[in-house]
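Engineer: Need the 3D shape of this:
(chains A and B)
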Protein chains: 2
Amino acid sequence: METRRDQFLEGMSRAACTVSVVTTDGAAGRAGVTVSAMASVSADAPGPCLLVCVHEKSAAAAAIAANGIFCVNVLGAGQSHVSDTFAGRIKTLDGDKFAPFDWGVMETGAPALDHALTVFDCRLKQVVEMGTHKVFFGDVVAVRNGATELPLIHVNRHYGAPAPLSL
Amino acid sequence: METRRDQFLEGMSRAACTVSVVTTDGAAGRAGVTVSAMASVSADAPGPCLLVCVHEKSAAAAAIAANGIFCVNVLGAGQSHVSDTFAGRIKTLDGDKFAPFDWGVMETGAPALDHALTVFDCRLKQVVEMGTHKVFFGDVVAVRNGATELPLIHVNRHYGAPAPLSL
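Structural biologist: Got it, this is the predicted structure:
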């Protein structure tokens, strides 16, 4: 028998989402995790704001809360290996998920992925704990839009990329 | 000169999002609005939970807050006209956005769109006000997964649908 949880997960798998790697650094250490729940909240006063949902048991959730800063690195269609690495599906030699890729920093000091589709550099504004996840609201203090390309998306439990509507 | 707001909106336009129509009904009346910021929050205890971000000035935001219930109707790739209607881009004859489409109800009484890709029927759990938007957290009390098809997505200020990655 299909439970409401099963139905919910099936329903959410049908809704396409952009894939991002959320990173942080600071006194609590460097950490990063792949997330599919990222949303724009507000563009206007007091300033741009977004949210990301991170599993409460991930090392990244604790580090973001402690460091008070994070970067949302939105991945391009060619970066599924970055997603798989930060989701733990691709193992790195010494367990350092950051090592295979190139990073810089913007304003907050959180790692900004070179060649990300877009990077939103954020200061943590509010945390809402809800079930298994923490919802981090961030004030966006800097944005870096990379080369124009298509985003990596996840839908029906597979990676994909957007295509024009064929009506 | 490009402001941080411009950069933020450009960055968010690159991140593909699924398009949903959020509806409500009850003592405060029936209302609905197209949203692009919808995210899964938690599948597990105390039960499935999601969030949607709605502009605070929309009639739907006030009605959802007052009625305490809402449905998230995730649109399929063939339903851009539903999105345009509830976004106010297609005008309806008497201003009734619901009239051109067929609706039912599930548990809460909020309008559930026939032939939606997926419908999440929710009881309002918490509201977070952030800048211009209200973030509504909902306990998902019922789910209806329709025929399997692709979701309608919005990216780079255009509608689209997902396609497999061509690597």
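
Engineer: got the contact list for residue A:55?
Structural biologist: Contact partners of residue A:55, counting by CB atoms under 8 Å, 6 or more residues apart in numbering or on different chains, are A:33, A:61, A:132, A:133, A:134. For glycine as for every other residue, the C-beta is placed from the backbone atoms N, C-alpha and C.

Engineer: switch to 7 Å and redo it
Structural biologist: A:61, A:132, A:133 (CB atoms under 7 Å, 6 or more residues apart in numbering or on different chains).

Engineer: Mind checking which of those residues are in strands?
Structural biologist: residue A:133 (DSSP state E).

Engineer: Which of the contacts of residue A:55 ranks first by neighbour count?
Structural biologist: Neighbour tally across the contacts of residue A:55 (other CB atoms under 10 Å in any protein chain shown): the maximum, 25 neighbours, falls on residue A:133.

Engineer: So, low pLDDT: which residues of chain A?
Structural biologist: A:166-167 (pLDDT under 70).

Engineer: Just the strands from it, written as ranges.
Structural biologist: According to DSSP E, the strands that chain A contains are A:17-18, A:20-24, A:31-35, A:38-42, A:49-55, A:69-74, A:103-105, A:111-113, A:118-130, A:133-145, A:153-155, A:158-164.

Engineer: ok, back up a step: dump the contacts of residue A:55 into CSV; add distance to chain B as well.
Structural biologist: Formatted as CSV, the contacts of residue A:55 follow (distance: CB to the nearest CB, whole Å):
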residue, distance to chain B
A:61, 13
A:132, 5
A:133, 5
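
Engineer: hang on, the earlier thing: for the strands of chain A, which one sits closest to residue B:83?
Structural biologist: Each of the strands of chain A was scored for nearness to residue B:83 using CB to CB, and the closest is strand A:158-164 (15.3 Å).

Engineer: Residues contacting that closest one, please?
Structural biologist: Contacts of strand A:158-164 (CB under 7 Å, 6+ apart): A:77, A:80, A:150-153, B:16, B:153, B:155, B:160-165.

Engineer: Quickly note the distance from the nearest residue in space to residue A:10 that is not next to it in sequence to residue A:106.
Structural biologist: Among residues not flanking residue A:10 along the chain, residue B:145 sits closest, at 5.5 Å (CB to CB, 6 or more residues apart in numbering or on different chains). Residue B:145 sits 40 Å away from residue A:106, going by CB to CB, to the nearest Å.

Engineer: repeat for residue A:137
Structural biologist: For residue A:137, the distance to residue A:106 - CB to CB - is 19 Å.

Engineer: These two: who's more crowded?
Structural biologist: Remark: of residue A:137 and residue A:106, residue A:137 carries more neighbours, 20 against 17, as counted by other CB under 10 Å.
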